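Participant: all I have is the shape, not the residue letters:
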């Protein structure tokens, strides 16, 4: 049977989330590079798989084509029986974990996508300094809210929810990677920083790190 | 038993999605207004429910507090047995419907949130014309990709997926409402326009429309 293929860009947060999820579930997959800066996501071939021209796209071993990182993770959860779960069982807890994932995937990450940054520097004439401030602003607001939710809910343990990694950690770790890249002081969010630090000692997270991808460019 | 309470703002797309889902499922709920322009989402009382200060928040009849519109819809799907489903049964189809919902909820809507618009007109000095162009730009890109996915997949019927409404329609209709508000020519996306037009003849969608909310202001 063919292996799963993840159309991928080493630095894409959305692809990074799926890499973590695949690894946590112990699934084998092949990395297919889609170089965003070379605009390979706008190639006819890639647009046929993913008409929105965004990464990632996962091709399951039966040929099913899947897009949108969180929809892909839910699919893996529903179809890969016997692999470690990335959502708890209780519906309220599941909703809580999903809300953590979406708080970053919906409210933070889309604002810092390459096409958005190109628009603010192009059409809106933002300077490089303004672009950096924009990126850091949305990450700080997002991580600040995330930290408050973790503390207020009392539901975090070693990970975002309890003592096992979930979909929320799959989203948090790439967001913190991006935060550091844009010089956000992550130590202002100690619960977030502790969780990220533990995650990054685990093989599933290490294997998914941008620097460990075949298309990594320093 | 107390009824569900939806903390709500008539014009919020995210709240509008949940109103549609609640209505499609035939659930009874009370509208609690959170006036965003009066900054009621930053009140201490509201922040205790939703530390990110965003709408909607749903309080279930057993007191469970839920945030993030798509996580709320998934929760309703998992807990309200016997109500019409908003996701199909097959995992690949579920992933497809979720990916449609997320294509708008993650890649379009967050860019046009009030706080983002305030940033581009404030910190980045965008004019009102530039703000309107920004809003229309992201909606057009998003609806264009959405239309292409619907056509390419061949999976739409009277609704986004087949002939029954799903989570994807719950997200599409508020996005098209927003498109019209900002003078996007929705007729460029005929499949989207036809689906929205049908949805807006159904009581569940009519009841969820901004103009039919108790806090509506013309």
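Facilitator: All right, it came through fine. These numbers were taken from a predicted model, which means no experiment stands behind them.
Participant: from here on, contacts and neighbour counts on C-alpha atoms
Facilitator: OK.
Participant: chain neighbours aside, what residue packs nearest to the residue in chain A positioned nearest to chain B?
Facilitator: Going by Cα to the nearest Cα, chain B is nearest to residue A:106 of chain A, at 4.4 Å. The shortest distance from residue A:106 to any non-neighbouring residue, by Cα to Cα, 6 or more residues apart in numbering or on different chains, is to residue B:106 (4.4 Å).
Participant: for that neighbour, what are its contacts?
Facilitator: Residues in contact with residue B:106, defined by Cα atoms under 8 Å, 6 or more residues apart in numbering or on different chains, are A:105, A:106, A:107, A:110.
Participant: so which of these are in helices?
Facilitator: residue A:105 (DSSP state H).
Participant: you'd agree residue A:121 is up against residue A:134?
Facilitator: No. In this structure residue A:121 lies outside contact range of residue A:134 using Cα atoms under 8 Å: 10.7 Å.
Participant: tell me the domain ranges of chain A?
Facilitator: Following automatic domain parsing, chain A resolves into domains at A:4-85, A:91-204.
Participant: list the buried ones in stretch A:58-77?
Facilitator: A:58-60, A:65-77 (16 or more other Cα atoms under 10 Å in any protein chain shown).
Participant: so what touches it?
Facilitator: Taking Cα under 8 Å, 6+ apart as the rule, stretch A:58-77 contacts A:1-7, A:14-15, A:17-18, A:21-22, A:49-50, A:55-57, A:85-87, A:167, B:91-92, B:94-96, B:98-99, B:102-103.
Participant: next step: those restricted to helices.
Facilitator: Mapping those onto helices (DSSP H) picks out A:14-15, A:17-18, A:21-22, A:49, A:167, B:91-92, B:94-96, B:98-99, B:102-103.
Participant: around chain B, which positions in chain A sit nearby?
Facilitator: Residues of chain A lying close to chain B by Cα under 8 Å from any Cα of the partner chain are A:50-52, A:64, A:66-68, A:71-72, A:74-75, A:78-79, A:91-92, A:94-96, A:98-99, A:102-103, A:105-107, A:110-111, A:124, A:126, A:130, A:142, A:145-146, A:148-149.
Participant: where exactly do the strands run in chain A?
Facilitator: A:4-8, A:29-33, A:57-59, A:65-67 (DSSP state E).
Participant: just list what the first one packs against, helices and strands only.
Facilitator: Contacts defined by 3 or more Cα pairs under 8 Å, 6 or more residues apart in numbering or on different chains; DSSP states H and E place strand A:4-8 against strand A:29-33, strand A:57-59.
Participant: what's the angle between that strand and strand A:29-33?
Facilitator: 30 degrees (axes from the mean of the first three to the mean of the last three Cα atoms, to 10 degrees).
Participant: who does strand A:4-8 pair up with?
Facilitator: strand A:29-33 (parallel), strand A:57-59 (antiparallel) (DSSP bridges).
Participant: mean neighbour count, these: which tops it?
Facilitator: Mean neighbour count (mean count of other Cα atoms under 10 Å in any protein chain shown) peaks for strand A:57-59 among the strands paired with strand A:4-8, with a mean of 24.
Participant: what does stretch A:202-215 contact?
Facilitator: With contacts defined as Cα under 8 Å, 6+ apart, stretch A:202-215 is touched by A:9-11, A:16, A:19-21, A:23-24, A:31, A:33, A:199-200, A:216-218.
Participant: quick one: end-to-end length of it, please.
Facilitator: Length of stretch A:202-215, first residue to last, Cα to Cα, to the nearest Å: 22 Å.
Participant: so which bits of that stretch are buried?
Facilitator: The neighbour-count check on stretch A:202-215 (16+ other Cα under 10 Å) flags A:204, A:205, A:207, A:208, A:209, A:210, A:213, A:215 as buried.
Participant: who wins on neighbours among the contacts of residue B:106?
Facilitator: residue A:105 (27 neighbours; other Cα atoms under 10 Å in any protein chain shown).
Participant: ok, and the closest non-adjacent residue to that one?
Facilitator: Per Cα to Cα, 6+ apart, closest to residue A:105 is residue B:106, 6.6 Å.
Participant: isn't residue A:138 up against residue A:108?
Facilitator: Yes. Counting by Cα under 8 Å, residue A:138 touches residue A:108, with 5.8 Å between them.
Participant: tell me which of these two has more neighbours.
Facilitator: Shown here are residue A:138 and residue A:108; by other Cα under 10 Å, residue A:108 has more neighbours (23 against 20).
Participant: got a list of what that one touches?
Facilitator: Contacts of residue A:108 by Cα under 8 Å, 6+ apart are A:138, A:139, A:142.
Participant: how about 10 Å then?
Facilitator: Going by Cα atoms under 10 Å, 6 or more residues apart in numbering or on different chains, residue A:108 touches A:102, A:135, A:137-143, A:175, B:106, B:110-111.
Participant: same thing with residue A:78?
Facilitator: Contacts of residue A:78 by Cα under 10 Å, 6+ apart are A:72, A:85, B:90, B:91, B:92, B:94, B:95.
Participant: so the last one sits against residue B:161, correct?
Facilitator: No. Using Cα atoms under 10 Å, residue B:95 is not in contact with residue B:161; the gap is 11.4 Å.
Participant: find residues that contact each of the two.
Facilitator: In contact with both residue B:95 and residue B:161: B:87, B:88, using Cα under 10 Å, 6+ apart.
Participant: now the residue located most distally from the centre of chain A: how far from residue A:182?
Facilitator: The C-alpha centroid of chain A is most remote from residue A:125, which lies 28.6 Å away (Cα atoms, centre = their mean). Computed with Cα to Cα, the distance linking residue A:125 and residue A:182 is 20 Å.
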